[in-house]
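> Give me the fold of what follows.
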Amino acid sequence: MSTIKFSQLKGLAIFATVVDNNSFAEAARRLNTSRSRVSEQVANLEAVLNVRLLQRTTRQLSLTEEGKAIYEHAKKCHAILHDVDECLNQSLPKGRVSITVTNDIAHKFLLPLLPEFKQRYPDIELHIISSDEKLDLIAENIDIGLRIGLPKDDSLVGRVLYQERFALYASPAYLSEYGHPNNIESLQQHRWILLSQLNNRTMQYLMLDDSPVEIVPKQYELCNSPYLVQEMVKAGLGVSTLLPSTVKQEVASGELVRICPGISSENLLFTLVYPSRKQVPSRTRVLVDYLIERCRF
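Modelled structure (predicted):
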């Protein structure tokens, strides 16, 4: 059985650095540590191996016969650690990053930002998971997710992107046929398109001028896709609560009209969520930072 453990690999690399530079002081400078720490590491390695590796005098260092033999192997360890350090400290991060977002966010906000991100980081490869279901990031090994609200799970970290309120919208064709609602009672008589993930019950809990109100639609359709909900409202199938940031173009083009402007949802936090760990890979970190910088919708 080997007398050396994996924990001593660092000591071997330090020993090789001392030999390469023929100096404890120069090795310490290159390793960004103290001379005494380098000397201690080499002494510990000699104790583990139970051999003297270096003959030390006030003016020079020389390898013992055992030291020469060990150095031939240690320098390989030194080279490996150097290559790993170069890989981790590369100027441009590389590798694959997975991110899950809903279909509407993927099409309307993520897609326009991709060309600039790829120009900045050409060696990062993206795996975009466009899904309207709330996927388990850890179980499915996904790096980043876009969520409403801060994570309640301690295994996840949440970084706030922005805040927004749902507002009410309808199409001009729908309003022409069914009229403009002008109060809570009339809203309840209209046809609604409800996002099933946000509506376990049909009761709509909204705010009227910052006071809570409850709306119970008499007729409604259910859909599990925010993007399709928007399209159904555009098609004149009913009214719905939509995110203003996701329907700017439709409002500008006249395809959608905001109704009952005093009514909205509570303020919602939109966050980037990723698994909690001390060493977040640089490829993941730069994508998170980029989206926070650019995706304040």
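
> Please count neighbours and contacts with C-alpha atoms only from this point.
OK.

> Quick check: which ranges of the chain have low pLDDT?
Counting by pLDDT under 70, the chain has low-confidence residues at 1-7, 58, 78-91, 199-201, 277-279, 295-297.

> So Arg258 is in contact with Ala167, correct?
Yes - using Cα atoms under 8 Å, Arg258 is in contact with Ala167, at 7.3 Å.

> more neighbours, these two?
Set side by side, Arg258 and Ala167 show unequal neighbour counts under other Cα atoms under 10 Å, the larger going to Ala167 at 21 against 17.

> what sits against that one?
Applying Cα atoms under 8 Å, 6 or more residues apart in numbering, we find Ala167 in contact with Thr241, Leu242, Leu243, Pro244, Arg258, Pro261, Ile263, Ser264, Ser265.

> how close does the second one sit to Leu194?
When distances are taken as Cα to Cα, to the nearest Å, Leu242 and Leu194 turn out to be 10 Å apart.

> do Leu110 as well
Leu110 is 24 Å from Leu194, where distance means Cα to Cα.

> Was I right to think Tyr205 contacts Pro217?
No - taking contact to mean Cα under 8 Å, the distance of 11.4 Å between Tyr205 and Pro217 leaves them out of contact.

> Between the two, which is the more surrounded one?
Under the criterion of other Cα under 10 Å, the comparison of Tyr205 against Pro217 puts Pro217 first, with 19 against 14.

> which ones are touching that one?
Shown here is Pro217, whose contacts under the criterion Cα under 8 Å, 6+ apart are Leu187, Gln188, Gln189, His190, Arg191, Trp192, Thr202, Met203, Gln204.

> Kindly supply the ChimeraX command isolating those of these that are buried.
The buried subset of these, as determined by 16 or more other Cα atoms under 10 Å, is captured in ChimeraX by this line:
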select :187,188,190,191,192,202,204
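
> now the contacts of Pro217 in TSV, with distance to Glu65 and secondary structure?
What follows is the contacts of Pro217, written out as TSV (distance: Cα to Cα, whole Å; DSSP: H, G, I helix; E, B strand; the rest coil):
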residue	distance to Glu65	secondary structure
Leu187	91	helix
Gln188	91	helix
Gln189	94	helix
His190	91	coil
Arg191	89	strand
Trp192	85	strand
Thr202	83	coil
Met203	83	coil
Gln204	82	strand
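
> Quickly note the distance from the residue nearest the centre of the chain to Glu133.
Within the chain, one residue has its C-alpha closest to the average C-alpha position: by Cα atoms, centre = their mean, that is Ile144, at 3.5 Å. Taking Cα to Cα as the measure, Ile144 and Glu133 are separated by 14 Å.

> mind listing the helices in the stretch 51-200 of the chain by residue range?
With DSSP state H, counting those that start in this stretch, the ranges of helices along the stretch 51-200 of the chain come out as 65-88, 103-105, 111-120, 172-178, 184-189.

> Out of those, indicate the one that is most buried.
With neighbours defined as mean count of other Cα atoms under 10 Å, these peak in mean count at helix 103-105, which reaches a mean of 20.

> which helices and strands does that helix pack with?
Secondary-structure packing of helix 103-105 (3 or more Cα pairs under 8 Å, 6 or more residues apart in numbering; DSSP states H and E): helix 226-234.

> Residues touching the helix it packs on, excluding its own?
Taking Cα under 8 Å, 6+ apart as the criterion, the residues outside helix 226-234 that touch it are 102-104, 132, 169-171, 193-195, 223, 238-240, 242, 247, 255-256.

> Restricted to strands, list those.
When DSSP state E is applied, the contacts of helix 226-234 are split such that Tyr169, Ala170, Ile193, Leu194, Leu195, Cys223, Ser240, Leu242 fall in strands.
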